[in-house]
Each structure stands twice: as C-alpha cells, then as structure tokens.
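**Q** need a 3D model of the sequence below.
(one chain, ligands or ions: 1)
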Amino acid sequence: MDARLQQAMNEQVREEFFSAYLYLAMATDMALRGLSGFAAWLRIQAREEVEHAMKFVNFLTDRGVPVAFQEIPAPRPDWDSPLTAFRKAHEHERYISERIHDLVRLAREVGDLAAENFLQWFVEEQVEEEALTGEVVARLELAGDHGPALLMLDREMASRKD
Ligand code: FEO
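**A** The predicted structure follows:
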C-alpha cells in the first residue's frame, strides 16, 4: 500500500478509537447527571466507534500493512449539558466525514481501488452519523431549558437498539 495512504489509515484508527473515548466520556457525564437515556445512547455510539476502528485495523492487516497504534488523547470529561455534548458530537462527525473524504481522495490519487471500495461504507455511514447527531441537537434545542421535555427526550434516547 502507498506509504501516505498507510499513514492516513493508521491515523484514522486513532480517530475512530478517540471517537469511542469521546462518546464514552459524554455517556459517563450524562449518567452522572441522571440522564440514563442519553448515557445509553452514547454508550451504544461508543461501541459503534470501536467497530469502525476495528474495520480499519482488519483492513490494514488483511493488506499486510502493520498497524501503528498511536496515542489516544483524553476527551473532555465534563459536558455541562446534553446540548453542549451533542453539538460537539455533531461537529465531531462532520470532522470525521471530512477525514473519510480526504482518505477517498488519496486512495483515488494513488490508484488503490480496494481501499477506495473499502472506504465507501464509511462515506455512507458518515451521512447517517451526521444526520443522527444533528437530529438530537435539533430536538435538544427545541426542548431548551424545559425539564419535562428533556426528560421525555431522555426516555426516547433510551430506546436506541444499535
Ligand atoms: Fe466512526 Fe462516528 O465516526
């Protein structure tokens, strides 16, 4: 595999694990605030991010590329409110989408068709990730400071299955 693409994919392993860290930090914070539905939703999201990281790990391994595991930065531990957390989540997913698009462009540039094909799943997944987090932000903005609305939303968030 092209050296630049290898490096960029190794970096994406770190980014996906960091995403899991980020959502887990948000989940624990929401749990401490008594918002168990938001916490459950975010824990599921964190698990998905580990699966994303593993897809990159397995793809690199299948291609005979060593995985250079990098340090994962510590996420912010305290999020003030679900709205602050989910605004960050949405912003983070937009950032991840940009990274995935850059990876696709690089795979094309170096003519790595297998990598380009592998990345298509992530291109589609990111559309969903942005939509999901964006919808939660919109609902939280509607709820505002209204406690009962927030608690109703928390109950809805608890119904996420995967
Ligand atoms: Fe793996 Fe949420 O991007």
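
**Q** so, in contact with the ligand or not, stretch 48-60?
**A** Yes. Judged by C-beta under 6 Å from any ligand atom, stretch 48-60 and the ligand are in contact via 49, 52. In this view, the C-beta of every residue, glycine as well, is placed from N, C-alpha and C.

**Q** ok, stretch 98-110 next?
**A** No. Using C-beta under 6 Å from any ligand atom, stretch 98-110 stays clear of the ligand, with a minimum separation of 8.1 Å.

**Q** distance-wise, check Ala115 relative to the ligand.
**A** From Ala115 across to the ligand, the span is 17 Å (C-beta to the nearest ligand atom, to the nearest Å).

**Q** per-residue confidence at the nearest residue to Ala143 once chain neighbours are set aside?
**A** In space, Ala143 comes closest to Ala149 once its chain neighbours are excluded; the distance is 3.9 Å by C-beta to C-beta, 6 or more residues apart in numbering. Per-residue pLDDT puts Ala149 at 96.

**Q** and the residue of the chain at minimum distance from the ligand, what does it touch?
**A** Nearest to the ligand in the chain, going by C-beta to the nearest ligand atom, is His52, at a distance of 3.7 Å. For His52, the contacting residues are 16, 19, 122, 125, by C-beta atoms under 8 Å, 6 or more residues apart in numbering.

**Q** repeat that for Arg33.
**A** Contact analysis of Arg33 by C-beta under 8 Å, 6+ apart lists nothing.

**Q** can you tell me the SS state at the spatially most central residue of the chain?
**A** Centroid-nearest residue in the chain: Ser19, 4.6 Å away (criterion: C-alpha atoms, centre = their mean). Judged by DSSP: H, G, I helix; E, B strand; the rest coil, the three-state class of Ser19 is helix.
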